[in-house]
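Novice: below: sequence and its predicted model.
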Amino acid sequence: MDIVSMASGRAITLIAALGFVGLAATVALAQVPEARDTRQRNYLERLGRLIEARFANRSVGYAVVAALPSGAFVTRAGGNARHKPDPSPRPMSVDDKLTIASVSKTMTAVAIFKLLARKNLSPDTPVWTYLPSTWTLGEGVKEVTFRQLMGHRAGLRCHGNLGYDTVKECFSTSIVEADKGKVRYNNHDYGVFRIIMPLLEGMPEATLRGLEEQERNGNSEPIADALAERYAQLMNELVFQPAGLPTMYCKVTDAEPALAYRSENTKNPFDFSKLMPGEPWGDLCPRSGAQGWFFSARQLATFIQALTHTQKILPPETVALMKNQELGIFRNNNDGLISYHHIGLHPANATRGEVSTLVIDFSNGVSAGVVVNSKFKGKNNIFKEIVGIVHDAGAVPRVAPIDIPH
């Protein structure tokens with residue numbers, strides 16, 4: 001349950017240690033949840049002030065939720081979720097959902113680990129037996145393993161969108177021997193997991209053969225749609241529901257969703273005084289896996305907190321494997337403050353608006369989710385800004401997790 005009080009005009013909330021429980025919608029600015037003791041409360045207020053100072057007025061809208069290992073958390077949001085010339089302009093909140101771009105890769109990697117454990121398979125299992133039989137595989141593709149794909153070491157050098165036919169074409173391309181084992185970030189490494197996951201989990205044989213027959217007859221749409229739909233179901237079953245999240249979607253579901261923006265000023269893309277109509281993103285399910293999920297900052301924080309500070313989703317040894325081998329999440333040493341993170345970016349030069357997102361967990365126990373719906377002003381991107389904020393906030397108070405009766 002939540003315990004709510006008021007101080008200095010700010011809503012103050014106590015939450016359970018192993019998840020964010022029963023949280024009300026957050027308004028645009030300056031909500032500071034109550035920690036269990038003065039040390040935590042003071043730290044969170046300091047963290048909140050730093051977030052607000054370093055994110056305010058640097059984008060059309062931003063939202064940040066940061067949590068301590070105990071489960072106590074702080075929120076900050078500012079700017080606009082919707083802005084003129086779009087109808088119904090409104091402030092940004094930590095509950096506004098936007099597409100999270102490549103942060104989806106971390107979530108997909110989690111699901112892959114859970115399916116491999118369920119099937120008693122090693123990450124070094126080759127993936128080709130879990131591809132449709134209609135695919136013609138290029139030289140070297142049969143040697144590609146789950147671990148190599150999750151770590152961007154498979155040797156794929158494909159480009160283009162992440163639709164079914166494009167991913168299929170990618171896997172028909174031979175892998176250059178010299179590229180194997182080299183880390184090279186490629187969206188197709190994770191785009192293919194949308195196709196692999198339903199087959200790894202076990203699609204009914206008759207259903208799969210029927211879909212493959214339609215593909216052989218020149219219609220790949222039925223198999224593409226069926227696999228994407230099952231992928232989304234599995235993500236909810238394996239990852240989002242255990243994390244304590246509601247049903248999540250890889251498409252817009254709100255009537256008046258938060259939008260991504262770009263400036264009308266072609267000479268100064270950081271001039272937010274006049275904006276082009278925002279980008280709603282629509283349905284990204286057919287190209288999901290490497291991208292596509294729609295989350296709020298609060299939901300991102302819920303996910304990364306559950307993954308890294310509880311055993312709700314994965315056992316700690318599997319999370320440690322992801323971190324140590326950079327499988328779906330990246331490691332960075334920031335002057336002794338270690339971060340494990342994934343950034344998402346849809347740049348404005350490819351769409352009507354830009355989105356930057358982040359999930360991050362620090363070696364000092366702080367974790368966070370960030371959503372920004374335009375370009376971000378200044379020399380630091382959102383990752384560097386959050387690193388600086390957590391560094392400057394000082395030592396994290398160490399207390400036992402909050403225990404609230406349910």
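Specialist: That came in fine, so what should we check first? Computed from a prediction, not measured in an experiment: that's the story for all the values here.
Novice: so who does the spatially most central residue of the chain touch?
Specialist: Centroid-nearest residue in the chain, with CA atoms, centre = their mean: Val103, separated by 2.9 Å. Val103 is in contact with 293, 295, 300, 342-344, 357-359, counting by CB atoms under 8 Å, 6 or more residues apart in numbering. Bear in mind the C-beta positions are built from the backbone N, C-alpha and C, glycine included.
Novice: likewise Leu115?
Specialist: With contact set as CB under 8 Å, 6+ apart, Leu115 has these partners: 197, 200-201, 234, 238.
Novice: next: Thr99.
Specialist: By CB under 8 Å, 6+ apart, the neighbours of Thr99 are 260, 281, 284, 291-294, 344, 346, 355.
Novice: swap in Gln214?
Specialist: Gln214 is in contact with 220, 222-223, counting by CB under 8 Å, 6+ apart.
Novice: buried set for the host helix or strand of it?
Specialist: Here Gln214, judged by DSSP states H and E, is contained in helix 205-216. For helix 205-216, burial by neighbour count (16 or more other CB atoms under 10 Å) applies to 208, 211-212, 215.
Novice: now the residue of the chain positioned farthest from its centre: how far from Glu177?
Specialist: Most distant from the centre of the chain: Asn217, at 36.6 Å, with distances by CA atoms, centre = their mean. From Asn217 across to Glu177, the span is 36 Å (CB to CB, to the nearest Å).
Novice: same thing with Asn364?
Specialist: 42 Å.
Novice: more neighbours, those two?
Specialist: Asn364 (18 against 10; other CB atoms under 10 Å).
Novice: so which of the contacts of Thr99 is the closest to Leu98?
Specialist: Val355 (5.4 Å; CB to CB).
Novice: can you pull the phi/psi pair for the closest one?
Specialist: Phi and psi for Val355, reported as degrees, to the nearest 10, are phi -130, psi 130.
Novice: bridged to it, which residues?
Specialist: Beta-bridge partners of Val355, counted by DSSP bridges, are His346.
Novice: which residues does it contact?
Specialist: If you count contacts by CB under 8 Å, 6+ apart, Val355 has them with 98-101, 260, 344-346, 371-373.
Novice: looking at the contacts of Thr99, which are in helices?
Specialist: Using DSSP state H, no member of the contacts of Thr99 sits in helices.
Novice: thinking again about what came up before, how far off centre is the helix holding Gln214?
Specialist: Helix 205-216 sits 32 Å away from the centroid of its parent chain (CA atoms, centre = their mean, to the nearest Å).
Novice: can you name the element that comes right after that helix?
Specialist: Next helix or strand after helix 205-216 toward the C-terminus (DSSP H and E): helix 221-235.
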